[in-house]
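Peer 1: compute the structure for the input listed below.
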Amino acid sequence: MLLQQVAHALRLSGAPANNENLSENAWREDILTRSPKMESLLGQAKLIATNDVSVLIQGESGTGKELLAHALHKASSRSHQPFVAINCGAIPENLLESELFGHSKGAFTGAVNQHVGLFQSADGGTLFLDEIGDMPISLQVKVLRALQERVIRPVGSTQQIPFDVRLISATHRNLLDEIKAKNFREDLFYRINVVNLEIPSLAERREDVSLLANHFLSIFSRRHHKTIQSYSPEALENLIQAAWPGNIRQLQNVVEQTVVLATSSIIPANLVQKALQVEANTILPFETARQQFEHEYLINLLKSTQGNVAQAAKLAQRNRTEFYRLLERHHIQPSQFKKSITE
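Peer 2: I've put the predicted structure just below:
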């Protein structure tokens, strides 16, 4: 017992420990959870981390896909090499190729110096392509060729440069739907999707809401020089029951708003309700708004039909197979809405 207390004190003080006490969970220390779904996902991640296969992480916006990618890197044999991340949807198409592959001096207007691309910068380590579903189709061809041949050619150069990276990709899009719509190459999909990990939404891991809220509360209290102890029980219940279409990122915003507006050491329910209302009135990205509408629409349909999928599909003017796919995509179980009748 005493040894456990000493070890705990050492961890709190930040004192160095031996390799065993650094713990086998150090790789995932940035991911806070008590959710069985997340623990199952992290178990899968640990199993494949040491295998040098390409991984595709799927999940809604704001669920922490980059955190999981970084954890995979830390658990891999490449952990002492670079982890390089890029958001493919945040960079204009004409610049993305140069960011990934680099460019030679004079390759285009403004290219006054040679630029090393991210494939080369990540050599020996992990390259994380976030929101790969937003990558232009023309560039997908070049990324596929690079992954197949394990060489890149900087823009404006004839030189081929070999690279050695472990590729992790992420997207909030359904890439199979994007393939059907001819927005994503099927051959690239199979190249990046050797192993697939799907992060649950915050609504699917409500047991983590209070854990994460208190974590963010501590961070923002320090940042904004506030002395705040906790949320009131009613405020915490409001947080737990909220819809969270923006997931952990939205929770983080709500917590910061409540901290900034707090005038006492205990945050009351009315501040949480106000922050949630502000978030609800914020203009959402189109894809997030569409997903939120779809989810609420399906819930209301199943409520009105008491879980009768055939009737709900008919009202939605969709065939049953397609309707079941929609329910699966939104993780909705029709049985939750059934009463005394059976489908």
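Peer 1: the residue nearest to the spatial centre of the chain: what's its closest spatial neighbour, skipping adjacent residues?
Peer 2: The C-alpha lying nearest the average C-alpha coordinate of the chain belongs to Lys65 (CA atoms, centre = their mean; 2.4 Å). Nearest in space to Lys65, with sequence neighbours left out and distances taken as CB to CB, 6 or more residues apart in numbering, is Ala170 at 4.0 Å. Every residue, glycine included, has its C-beta placed from N, CA and C.
Peer 1: what's near enough to touch that neighbour?
Peer 2: The neighbourhood of Ala170, defined by CB atoms under 8 Å, 6 or more residues apart in numbering, consists of 56-59, 65-66, 69, 128-132.
Peer 1: domains in the chain, as residue ranges please.
Peer 2: 22-198, 203-281, 286-337 (automatic domain parsing).
Peer 1: any chance of these in CSV, plus mean pLDDT?
Peer 2: Converted to CSV, the domains of the chain look like this (pLDDT from 0 to 100):
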stretch, mean pLDDT
domain 22-198, 92
domain 203-281, 92
domain 286-337, 81
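Peer 1: can I assume Leu41 is in contact with Glu198?
Peer 2: Yes. Taking contact to mean CB atoms under 8 Å, the distance of 7.5 Å between Leu41 and Glu198 places them in contact.
Peer 1: higher neighbour count, those two?
Peer 2: Using other CB atoms under 10 Å, the more surrounded residue of Leu41 and Glu198 is Leu41, with 21 against 16.
Peer 1: what's the closest non-adjacent residue to His330?
Peer 2: Nearest one to His330, counting by CB to CB, 6+ apart, is His295 at 4.9 Å.
Peer 1: actually Ile266, not the one I typed
Peer 2: Ser232 (5.3 Å).
Peer 1: can you give me the neighbour number for the one you found?
Peer 2: Per other CB under 10 Å, the neighbour tally for Ser232 reads 16.
Peer 1: ok, back up a step: quick check, the residue nearest to the centre of the chain in contact with Gly59.
Peer 2: Yes. The pair formed by Lys65 and Gly59 meets the contact definition of CB under 8 Å, at 5.6 Å.
Peer 1: which residues of the chain fall in strands?
Peer 2: Across the chain, reading from the start of the chain, the strands by DSSP state E fall at 55-58, 83-87, 102-103, 115-116, 126-130, 151-152, 161-162, 166-171, 195-198, 230-231, 266-267.
Peer 1: quick one on the thing from earlier: give me phi/psi at the residue nearest to Ile266?
Peer 2: When quoted as degrees, to the nearest 10, the phi and psi of Ser232 stand at phi -70, psi 160.
Peer 1: which helix is the longest one in the protein?
Peer 2: Counting residues, the longest helix in the chain under DSSP state H turns out to be helix 286-304.
Peer 1: can I get the CA coordinates of that one in PDB?
Peer 2: Coordinates of each C-alpha in helix 286-304 appear next as PDB, following Å, rounded to 0.1, in the frame of the first residue of the first chain:
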ATOM      1  CA  PHE A 286     -22.600  21.800 -44.300                       C
ATOM      2  CA  GLU A 287     -21.500  18.200 -43.700                       C
ATOM      3  CA  THR A 288     -22.000  18.400 -40.000                       C
ATOM      4  CA  ALA A 289     -25.500  20.100 -40.400                       C
ATOM      5  CA  ARG A 290     -26.500  17.400 -42.900                       C
ATOM      6  CA  GLN A 291     -25.400  14.600 -40.500                       C
ATOM      7  CA  GLN A 292     -27.300  16.200 -37.600                       C
ATOM      8  CA  PHE A 293     -30.400  16.600 -39.700                       C
ATOM      9  CA  GLU A 294     -30.300  13.000 -40.900                       C
ATOM     10  CA  HIS A 295     -29.800  11.700 -37.400                       C
ATOM     11  CA  GLU A 296     -32.800  13.700 -36.000                       C
ATOM     12  CA  TYR A 297     -34.900  12.800 -39.000                       C
ATOM     13  CA  LEU A 298     -34.300   9.100 -38.500                       C
ATOM     14  CA  ILE A 299     -35.000   9.300 -34.800                       C
ATOM     15  CA  ASN A 300     -38.300  11.100 -35.400                       C
ATOM     16  CA  LEU A 301     -39.300   8.500 -38.100                       C
ATOM     17  CA  LEU A 302     -38.600   5.600 -35.800                       C
ATOM     18  CA  LYS A 303     -40.400   7.200 -32.900                       C
ATOM     19  CA  SER A 304     -43.500   7.800 -35.100                       C
END
